[in-house]
Structure formats: C-alpha cells, structure tokens
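**Q** here is a sequence with its predicted model. Questions after.
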Amino acid sequence: MKKFSFGLILFLILPAIIILSSPNDPISDETSFTFITEQDEPLDGTLYLQDLSLPIIDGKVLVNNSHIYYLDVSDNQLKLRSDISAEFERNNISLTLNIDLKNNISDQNTISVLIDSKEFEIDTFDQYRFASSTIKYRYEEKCSWVQSNRLEEAISILESETILNFRETSQEPDLYIHCYDYSVETDEGIRLGEGSPRFYESFSKTLINSSINLYARKDAVYCVNYPSTEIHEILHALNFGHLNDSKSILHPGIGGETCSELDKSIIECIETIYSNKKGCRGMKFIIN
Ligand SMILES: [Zn+2]
C-alpha cells in the first residue's frame with residue numbers, strides 16, 4: 001500500500017516537475033562531453049561542476065544543462081553556473097572549460113576534447129598556446145561560399161605572415177569552425193563573428209581547442225578586400241583579446257567599415273609565443 005501511494009504521488013508530481021523544468025528558454029537538454037587521446041583512446045576521469053562531480057566513463061559524460069547554464073532573469077542572458085573542469089585518471093591532466101555565451105544560446109550539445117598526453121608531459125608554456133604550431137581545423141557546418149572562401153583567405157594570410165600553419169582535418173580538431181546562415185544583431189550593430197578558446201589546460205598553459213562562429217553578412221557592412229573579421233576571430237581562438245588601438249585588427253569595432261590588416265606586433269607576438277620565448281608586449285589575452 002505504501003509503495004502504491006508513493007508511486008501515485010510521483011505520478012501526480014512528475015508532470016508538474018516536467019512542466020516546471022522545461023521553461024521557454026534557449027537551454028537545450030543535455031551536453032555530451034567526449035574526451036579522447038590522439039590515438040583514439042577514451043580517457044576516464046571526473047568532470048567537475050560547481051555542485052556536482054560526474055564520472056567520465058569510456059571517455060564520455062552526459063550533463064543535464066541545468067547544471068551548466070541558467071537564465072539570468074535580471075538581464076535575460078544565459079550564464080554559466082560555474083567553471084567546468086575535468087581530471088583524468090591516467091595522466092593527471094586537469095582541464096578547464098571556457099564556454100562562450102555571448103550569443104545567448106547553448107548551441108554546443110556535443111563537446112569533444114582531443115588530448116595528446118605525450119605533449120602534456122613535455123611542454124609547459126609561458127603563454128597559453130596550442131601544443132603544436134600546426135593548427136588543425138574542421139568545419140562543423142556547411143558554410144556558404146563567401147564564408148568558407150573568406151576563412152581560407154584568412155588562413156592563407158596567417159600562414160604566410162606568421163609562424164603558424166593550418167590543416168583541415170576530419171578528426172578531432174584544435175579549431176572548430178561554425179557557420180550560421182543568420183545574422184546576430186547587438187547593441188553595437190550586426191555581429192559578423194565570434195571566437196574564443198574552449199578547453200585549456202592550466203598547468204602547462206595549453207589550449208586544447210577553440211572555436212569560431214561566422215555569421216551571415218546579409219545587411220551587414222563588411223571588409224570586401226581583406227578578411228579582417230575572420231583573422232580577428234582566429235586571433236581570439238588563439239587567445240588574443242581585444243586591443244584599444246583603433247588601428248589594430250584586434251579592435252572590437254573591426255569588420256564594419258574598419259578593415260585593418262594583421263598588425264606587425266601580433267605577428268611578432270605569435271612568433272614569440274610559438275617559439276617559447278618571452279616578451280610579447282602590448283597584448284591582451286582572453287585566458288591568463
Ligand atoms: Zn572580437
């Protein structure tokens with residue numbers, strides 16, 4: 001009899017819980033995290049959120065998004081509840097996740113992280129950087145002709161002017177490229193792109209992966225002769241933050257009518273970071 005009434009209570013309460021927990025907000029249900037090595041081996045460990053630690057089994061863990069995000073009703077913005085970090089049993093690596101919520105949507109339902117354990121044991125860096133100067137990238141959506149053309153142009157400029165190389169991959173990339181066929185309007189105007197590191201390892205200062213978003217250009221003013229926005233977003237993915245200098249490609253207002261080309265000082269700073277030297281001056285970084 002007790003069991004029956006307990007079941008009955010659940011039966012009556014559950015629909016109410018379901019209705020309460022599915023508000024009309026942009027948070028999708030779950031995020032699936034995958035952690036694998038370059039040899040395709042899954043890494044087991046623990047994923048830490050503010051009030052929760054979840055086992056990573058066979059390289060996978062599924063997290064209910066209510067533990068990751070909340071909708072702040074004061075400004076109607078999606079926010080992260082806390083830092084997300086992960087620790088792995090085999091090689092004592094711990095990572096911290098940086099989720100970019102500027103767009104006010106949690107559109108990353110699957111987050112995969114590729115970990116090259118060999119590189120972790122050897123290198124520690126002064127400034128956050130990718131483990132290798134050859135950066136592997138992957139298109140996550142089909143991009144329009146204009147989007148992919150401009151991105152490839154940005155990549156070839158970065159390859160010819162800096163120490164970096166880029167290689168497209170179908171495997172887990174360092175750089176995820178998302179293309180959208182809509183535009184994003186903000187108070188400052190139409191946003192053409194976004195970029196940021198996602199996973200990084202703080203002991204060795206290694207960027208594990210980053211992503212950039214490219215938006216549609218309908219109704220937007222943009223630089224026709226030079227891929228300023230695309231280079232700007234790739235620089236964010238490389239951990240470069242905005243600069244106050246209105247002539248810099250890292251100025252936040254770039255891409256409308258301001259079409260700066262890649263700064264000499266940024267070229268030199270990339271060279272400094274990727275040859276493991278010190279002395280990048282005048283730069284701001286997203287993660288320090
Ligand atoms: Zn920016």
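**A** Cool, got the structure.

**Q** domains in the chain, by residue range?
**A** Per automatic domain parsing, the structural domains of the chain span 30-122, 133-197+210-288.

**Q** want to throw the ones you listed into JSON lines with mean pLDDT and mean neighbour count?
**A** To be clear about C-beta, it is placed using only N, CA and C from the backbone, and glycine gets the same treatment. Shown next, in JSON lines, are these (pLDDT from 0 to 100; neighbours: other C-beta atoms under 10 Å):
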{"stretch": "domain 30-122", "mean pLDDT": "78", "mean neighbour count": "15"}
{"stretch": "domain 133-197+210-288", "mean pLDDT": "92", "mean neighbour count": "17"}
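
**Q** closest one to Phe203 among those?
**A** For those, proximity to Phe203 was assessed by C-beta to C-beta; domain 30-122 is nearest, at 7.1 Å.

**Q** residues making contact with stretch 131-138?
**A** 116, 119-120, 123, 155, 163-177, 206-207, 274 (C-beta atoms under 8 Å, 6 or more residues apart in numbering).

**Q** hmm, 7 Å instead?
**A** 116, 119, 123, 163-170, 173-177, 206, 274 (C-beta atoms under 7 Å, 6 or more residues apart in numbering).

**Q** what do you get for stretch 195-211?
**A** In contact with stretch 195-211 (C-beta under 7 Å, 6+ apart) are residues 93, 95-100, 113-115, 120, 123-125, 127-131, 173-176, 178, 212, 233-234, 236-237, 239, 286-287.

**Q** make it 6 Å
**A** Stretch 195-211 is contacted from outside by 95-98, 100, 113, 120, 124-125, 128, 130-131, 174-176, 212, 233, 236-237, 239, 287, using C-beta atoms under 6 Å, 6 or more residues apart in numbering.

**Q** of the residues you listed, which belong to strands?
**A** Using DSSP state E, the subset of those located in strands is 95-97, 113, 130, 175-176, 212.

**Q** from those, which is closest to Glu141?
**A** Tyr176 (10.0 Å).
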